[in-house]
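Student: Give the three-dimensional model of this entry:
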Amino acid sequence: MKIQTVVIGGAHLTKLALSLIAAWLTLDWKVRRMRRAFEKQLIRVGMSKKDAQRLSAQFAKLKDNVKNAVKGSMFRIR
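Tutor: Got it, this is the predicted structure:
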């Protein structure tokens, strides 16, 4: 195997790992922003604030499920 192939492959893996880490770190912030926007839209069309919050809480649960699935798949690769 050529050394150039190993170096290029390593660079691609590093780039992929950094992209995944960035997505992992920004997921909470993006879900929080989305929840607020979703609640504002529901309140704007006439839904009560409490009901809007209850509906938007499902996005946080979904985010947690996604994170747990990713964590679980990382440790099952072994």
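Student: On the three-state scheme, G46 is what?
Tutor: Using DSSP: H, G, I helix; E, B strand; the rest coil, the structure places G46 in coil.
Student: Could you list every helix and strand that the helix or strand where R33 lies packs against?
Tutor: R33 belongs to helix 3-44 when elements are defined using DSSP states H and E. If contacts are counted by 3 or more Cβ pairs under 8 Å, 6 or more residues apart in numbering; DSSP states H and E, helix 3-44 sits against helix 49-76. Heads up, the C-betas are built off the backbone N, CA and C, glycines and all.
Student: Report all helices and strands that the helix it packs on contacts.
Tutor: helix 3-44.
Student: now the helix it packs on and helix 49-76, what's the angle there?
Tutor: Interaxial angle of helix 3-44 relative to helix 49-76 (axes from the mean of the first three to the mean of the last three Cα atoms, to 10 degrees): 160 degrees.
Student: for helix 3-44, what is the average pLDDT?
Tutor: Averaging pLDDT along helix 3-44 gives 91.
Student: cool, stretch 51-67 as well?
Tutor: Averaging pLDDT residue by residue across stretch 51-67 gives 91.
Student: what's that stretch in contact with?
Tutor: With Cβ atoms under 8 Å, 6 or more residues apart in numbering as the contact definition, stretch 51-67 has outside contacts at 24, 27-28, 31, 34-35, 38-39, 42-43, 47.
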